[in-house]
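>>> here is a sequence together with a model predicted from it:
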Amino acid sequence: MQNIVQDISYNVSDSGFYGEFGGAYIPEMLYANVEELRRKYLIIINEPEFQMEFNDLLRDYVGRPSPLYLAKTLSAHFGANIYLKREDLNHTGAHKINNTIGQILLAKRLGKKRIIAETGAGQHGVATATVCALMKLECVVYMGSVDIVRQAPNVARMQMLGATVVPAESGSKTLKDATNEAIRDWINNAETTHYIIGSAIGPHPYPDMVTRFQSIISEEIMWQIQEKTGKKYPDYVVACVGGGSNAAGAFYHFLNNDKVKLILAEAAGKGVNSGHSAATSILGSKGIIHGCMTLLMQTEDGQIIEPYSLSAGLDYPGIGPLHAHLIKTGRAKVYAATDNEAMLSVIDLSRGEGIIPALESAHALAILGEIGLKKQDNVVVCLSGRGDKDLTTYLQYIEKNNIKL
Amino acid sequence: MLSIRQTILNKGNNILNVYFTAGHPTLESTELILKALSESGADLIELGMPYSDPLADGPTIQQSSEIALRNGQTIKNIFKQVNNVRSHIAVPIILMGYLNQVLQYGAEKFLQDAQAAGINGLIIPDLPMEIFERDFQSLFKKYGLEISFLITPMTSDERIKQADKISSAFIYIVSQSSITGKKGGISEKQIEYFTKIKSMNLKSPSLIGFGIHNRETIDIANHYSNGAIVGSAFIRAIEKKEIWLRLFLILWILCATKLILLLFRIFSSLKFSFQLENTIGQLNFS
Ligand SMILES: Cc1ncc(COP(=O)(O)O)c(C=O)c1O
């Protein structure tokens, strides 16, 4: 018997929706730009020449394919085969560069002279500054002033690469506010500028475009898991979710294979019900954020609630529309990890495997104990980034909370 | 009470449409400002529903929204405030806000309550025309509410015609591709754009807004459309006067008896509306 799951489409519709989520709720000032992107993005990214340039850069510049690594200590600990998809080994240290390479090639073909981006953890900002240096385009990155402090190494890297980092001072001074500022810049400079959104969020076609550029992650997992296990697919794919780009990329080629369980890890911050959380799927309801209909944290008057997570990359009150749809239809399951749980996973991976993960990625490790793994299960965890940017946060947290190493 | 469109058509030109954020600088000031604007001769009033994430707005409207929200402004309270002044003032009132606010309230209930409060129309910058036609147009008709859509220098002729067709109030000509509150002069390119729109002979009246902040820009708006929309410049002017309101609040707290309190209240509101008239006077509309 056919499972119902297979009757549901997980691809974006022509009008830009994933079920009831998605769309492009944008002011008229952005219509021309977004409409141009919508008309052209598939045509451009399917051109053989684009594909060749994209793949060459991913191989020679980013260093793909990224390894799929069987983490033995973790596997012993969880009693299943835990494979880490090593996006942390990419140039610039996270999955974010897969998307910025794609979008910069697109921006060039659209004739844009100036690039803007928002960033939370700074990984997307660094990845954007990097491709702008590579392609010799002007680069302006918006970053919440709180994030500028907690992700200082990445601010220095962006400056080193020649980008201008502009602090966002409104709201909670984090990712949401940086995104607002980037959108306002885009409104003011619509003709010259391309906005490289860093996650699977924003108005259509951004969520689909970013997902396609990140889908290289699951494309590689498919053959790598076969090579390692002899099986065609893993039993689980697990990823952390801020806006949802690494998760979307890690899930993409498995969306229609319901034998692969898809697991999202959200940031619970100080606890889902503590009032200091970014667990969007639990605390959120349907509404509009940054131009798309999705799940977001909001008051009954529709005011967006300031989220909280120690992890700058997950400190976002919304979730990409694809994920809202996956959650709503039951295709993906969500778990939430607190700051503390994520920190303990950071320490475990550092000590157990010799890999210091990004705080964002550690959320995906932190929930592995909850999903009911069995002995023979092959589990792929997307290790979305490395922890260099977080070292100060880690050391401070360990000291403040008297964590015994 | 005349509709928004009829108000514009009756007067024809030199329409002044003033925007301010409901609940800024204080919750109590909203009704005062509505009355003062009406008495001072504003033709239309655009009442901003403060939003946490106003994407199309510059720093002035962002800050006024933040303050209004901190003051505790809500949509229900805005409806109440409009309802309170409705019997005193005839000027059409347009609510301006973001689609999420309408959706969370419940779209139909929002429109129903807006109508009941005496609101005439809405402007929702992030509501795409296509979605309006599909999901909202009939509800707007049902509750007798008017709507205006925005056009910008980047809007195609085809879309301008669509905006003309479905805007039941007026066409909102965004003067430049920008967020609200930009200062500065008007470029030749903008004049070309205004001229083009004028020559399209649209059936809807139109008003020019965004960056209208002094005599020169108001004159241009009056020349190329039915009038001007002034937002950030008005809010900046109110803010300069806010000191009066602060003084009033301090005195209020210090006041011992109710009688003195009442006297101060009358004094201060008079003072405040006097200041408002000055403010509007400084904008030089006639
Ligand atoms: C290493 C890393 N992982 C994950 C994320 C979260 O983003 P997304 O949900 O789009 O993958 C970020 C964002 O900054 C990041 O830097």
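Perfect, I can see it now.
>>> quick one: the helices in the stretch 151-286 of chain B?
Shown for the stretch 151-286 of chain B, the helices assigned by DSSP state H, counting those that start in this stretch span residues B:157-166, B:188-199, B:215-224, B:232-254, B:258-282.
>>> which one of those helices has the lowest average pLDDT?
Mean pLDDT is lowest for helix B:258-282 among the helices of the stretch 151-286 of chain B, at a mean of 49.
>>> would residue A:239 count as being in a strand?
Yes. Assessed with DSSP: H, G, I helix; E, B strand; the rest coil, residue A:239 lies in a strand.
>>> ok, it - how many residues close by?
Here the number of neighbours of residue A:239 (other Cβ atoms under 10 Å in any protein chain shown) works out to 31. (Glycine included, C-beta is placed from N, CA and C.)
>>> can you check the one 10 residues further on too?
Around residue A:249 there are 30 other residues, counting by other Cβ under 10 Å.
>>> equivalent analysis for residue A:59, please.
Neighbours of residue A:59 under the rule other Cβ under 10 Å: 11.
>>> where does it land in three-state SS?
Three-state call for residue A:59 (three-state DSSP): helix.
>>> any figure for the gap between it and residue A:127?
From residue A:59 across to residue A:127, the span is 17 Å (Cβ to Cβ, to the nearest Å).
>>> show me the contacts for the closest residue to residue A:304 other than its chain neighbours.
Excluding its sequence neighbours, the residue lying closest to residue A:304 (Cβ to Cβ, 6 or more residues apart in numbering or on different chains) is residue B:52, at 4.7 Å. If you count contacts by Cβ atoms under 8 Å, 6 or more residues apart in numbering or on different chains, residue B:52 has them with A:171, A:303, A:304, B:65, B:69.
>>> of those - the most surrounded one?
Going by other Cβ under 10 Å, residue B:65 tops the contacts of residue B:52 with 27 neighbours.
>>> in which helix or strand does that one reside?
Assigned by DSSP states H and E, residue B:65 belongs to helix B:59-70.
>>> hmm, that helix in reach of chain A?
Yes. Using Cβ under 8 Å from any Cβ of the partner chain, helix B:59-70 reaches chain A at B:62, B:66, B:69.
>>> pLDDT score assigned to residue A:4?
43.
>>> whoops, I mixed them up, residue B:184
Value listed for residue B:184 in the pLDDT field: 84.
>>> again with residue B:212
Per-residue confidence at residue B:212 stands at 91 (pLDDT).
>>> kindly provide the distance from it to residue B:92.
19 Å.
>>> these two: who's more crowded?
Here residue B:212 and residue B:92 are compared on neighbour count by other Cβ under 10 Å; more neighbours surround residue B:212, at 28 against 25.
>>> what's near enough to touch residue A:339?
Per Cβ under 8 Å, 6+ apart, neighbours of residue A:339: A:267, A:268, A:269, A:270, A:309, A:310, A:311, A:397.
>>> just checking, the third one touches residue A:279?
Yes. If you go by Cβ atoms under 8 Å, residue A:269 and residue A:279 touch, sitting 7.4 Å apart.
>>> looking at this, the residue nearest to residue A:304 is in a strand?
No. Looking at residue B:52 with three-state DSSP, it is coil, so not inside a strand.
>>> returning to that earlier point: pull the most distant pair out of the contacts of residue A:339.
Maximum pairwise distance among those (Cβ to Cβ): 15.5 Å, between A:268 and A:397.
>>> chain neighbours aside, what residue packs nearest to the closest residue to chain B within chain A?
Per Cβ to the nearest Cβ, residue A:302 is where chain A lies closest to chain B, at 3.4 Å. Nearest non-adjacent residue to residue A:302, counting by Cβ to Cβ, 6+ apart: residue B:104, 3.4 Å away.
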